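Novice: from the sequence below, what's the structure:
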Amino acid sequence: MIWLSLVGFLVAGLSAAYIIRWMGGRAAMYGETMPQRFHVGEVPRLGGMALLAGVVASWLLGIWQTHAGDPGSLRMGFWVFWWIVVLLPAALGGIAEDMTQRLTVRYRLLLTLVSGGLAAWLLELNVTRLGLPWLDTLLGQVPWLGVGIVLLAIAGLPHAFNIIDGYNGLAGMVALIVCLALAHVCLQVGDRALGALLVCLAAATGGFLVWNYPRGMLFAGDGGAYIWGVVIAVASLSLVQRNVDVSPWFPVLLLIYPIWETMFSIYRKLARGDSPGMADALHFHQLIYRRLVRGVFHDDEARRMLKRNNRTSPYLWAFFMLTVVPAVLFWRNTLVLMAFCGLFGVTYVTAYIGIVRFKVPDWMRF
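Specialist: I've put the predicted structure just below:
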């Protein structure tokens, strides 16, 4: 795994450097009036290309290692090619949007659904248990419900990562931590092949983060968010399907922050009579940027915005770790994991309302 992660890190990092130096002007300019914009100047949103290069290169190396004798006992056979096939529709669609900004939400959702359909077909993914007896009985009686959950997860999680991808290092660090947490449990149950795939994605994400945080020289864009979402969704479903010791609620708690952010955003927009696909600046991370992070009053405008941008992500990293720690500790215990999911929902809503109403203690602002 060390060699695979090194290759993934270097290929992604060097590809990112090439994009910054030579391909920055190839992508369509991000509009100054976009509500999600919190930077000055034109920053390339083609980090997904670097991530894709790093992930595919390390996975192909893993296939070659396995074919050459498998010294690491990773068992990354030719089935890994199917993972690449599953990933490509969503990844290439996201990268196309980053370069043209002409793909509507409908078409991007369709491409992630294609990835979900390919996963259900080529990887034979299905959800046969949810940790509750009556639901497990229902899934056994109506198998297509499990396939529907697979499609929903693989189509939805990429867009959830896209929603939280608002500040330098935020979505990238969340993805990296999730990959390592999933890989840890994979190794606990002896699923080294799946763990290796996740370590490769974590390493490629690290290569991207070298340029993304704290300097903000490259953004992940839709392509990067879709790569994180598809691979993590497929890996989470595979882990639960292949290992009965792992609770289905382990990946749910691990990913509850982007999942809940998406669900709450849909509810919030529908309550106002807006379309769920319409962009706004009222996400949790955007409120933290505006109301918790103290302003910087020296340097030029670009440096001031960059410093405030970089101070926002650590708030969300700490908030996110409140779910990662119990998920990793109690990955077998369904009831405990469900309780922590409920606790997160209550904490999120309470914190959101407090920030909206300016009821935030001064010690939390820096």
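
Novice: pull the distance from the longest helix seen in the chain to the chain's centre.
Specialist: Longest helix in the chain by number of residues, with DSSP state H as the criterion: helix 301-329. Here helix 301-329 shows a centroid-to-chain-centroid distance of 14 Å under the convention C-alpha atoms, centre = their mean, to the nearest Å.

Novice: after that helix comes which helix or strand?
Specialist: Next along the chain after helix 301-329, taking DSSP states H and E as the criterion, comes helix 334-356.

Novice: which strands or helices does that following helix pack on?
Specialist: When contacts are defined as 3 or more C-beta pairs under 8 Å, 6 or more residues apart in numbering; DSSP states H and E, helix 334-356 packs onto helix 249-254, helix 256-271, helix 284-291, helix 301-329. C-beta here means a position set from N, CA and C on the backbone, and glycine is covered the same way.

Novice: now the longest one: buried residues?
Specialist: Spelled out, it's helix 301-329. Within helix 301-329, the residues scored as buried using 16 or more other C-beta atoms under 10 Å are 305-316, 319-320, 323-324, 326-328.

Novice: ok, now the third one?
Specialist: The neighbour-count check on helix 284-291 (16+ other C-beta under 10 Å) flags 284, 285, 286, 287, 288, 289 as buried.

Novice: quick one on the thing from earlier: mean confidence for the longest helix of the chain?
Specialist: In this model, helix 301-329 has an average pLDDT of 84.

Novice: quick one: contacts for residue 65?
Specialist: 3, 4, 71, 72, 74, 76 (C-beta atoms under 8 Å, 6 or more residues apart in numbering).

Novice: that one: which element?
Specialist: Here residue 65 is assigned to helix 47-67, by DSSP H and E.

Novice: hmm, who's touching whichever helix or strand comes after that helix?
Specialist: Per DSSP H and E, the first helix or strand lying C-terminal to helix 47-67 is helix 80-100. For helix 80-100, contacts defined as C-beta under 8 Å, 6+ apart pick out 26-28, 45-46, 48-49, 52, 55-56, 59-60, 62-63, 103, 107-108, 111-112, 114-115, 118-119, 122-123, 158, 197, 221-227, 229-231, 234.

Novice: separation between residue 250 and residue 77?
Specialist: 26 Å (C-beta to C-beta, to the nearest Å).

Novice: higher neighbour count, these two?
Specialist: residue 250 (24 against 13; other C-beta atoms under 10 Å).

Novice: leaving out chain neighbours, which residue sits closest to that one?
Specialist: residue 331 (4.3 Å; C-beta to C-beta, 6 or more residues apart in numbering).

Novice: I'd guessed the one you found sits against residue 248; true?
Specialist: No: look at residue 331 against residue 248 with C-beta atoms under 8 Å: they stay out of range, at 10.6 Å.

Novice: may I see the buried residues of the helix or strand harbouring residue 140?
Specialist: Assigned by DSSP H and E, residue 140 falls within helix 133-141. If you call a residue buried by 16+ other C-beta under 10 Å, then helix 133-141 has these buried ones: residue 139.

Novice: check stretch 262-279 too.
Specialist: Buried, per 16+ other C-beta under 10 Å, within stretch 262-279: 262, 264, 265, 269.

Novice: SS state for the residue nearest to the first one when sequence neighbours are not counted?
Specialist: This means residue 262. Spatial nearest neighbour of residue 262, chain neighbours left out: residue 160 (4.3 Å); criterion: C-beta to C-beta, 6+ apart. Following DSSP: H, G, I helix; E, B strand; the rest coil, the label given to residue 160 is helix.

Novice: tell me how many other residues crowd residue 160.
Specialist: There are 25 residues near residue 160, going by other C-beta under 10 Å.

Novice: residues in contact with it?
Specialist: 229, 255, 258, 259, 261, 262.

Novice: residue 256 now?
Specialist: Counting by C-beta under 8 Å, 6+ apart, residue 256 touches 323, 341, 344, 345.
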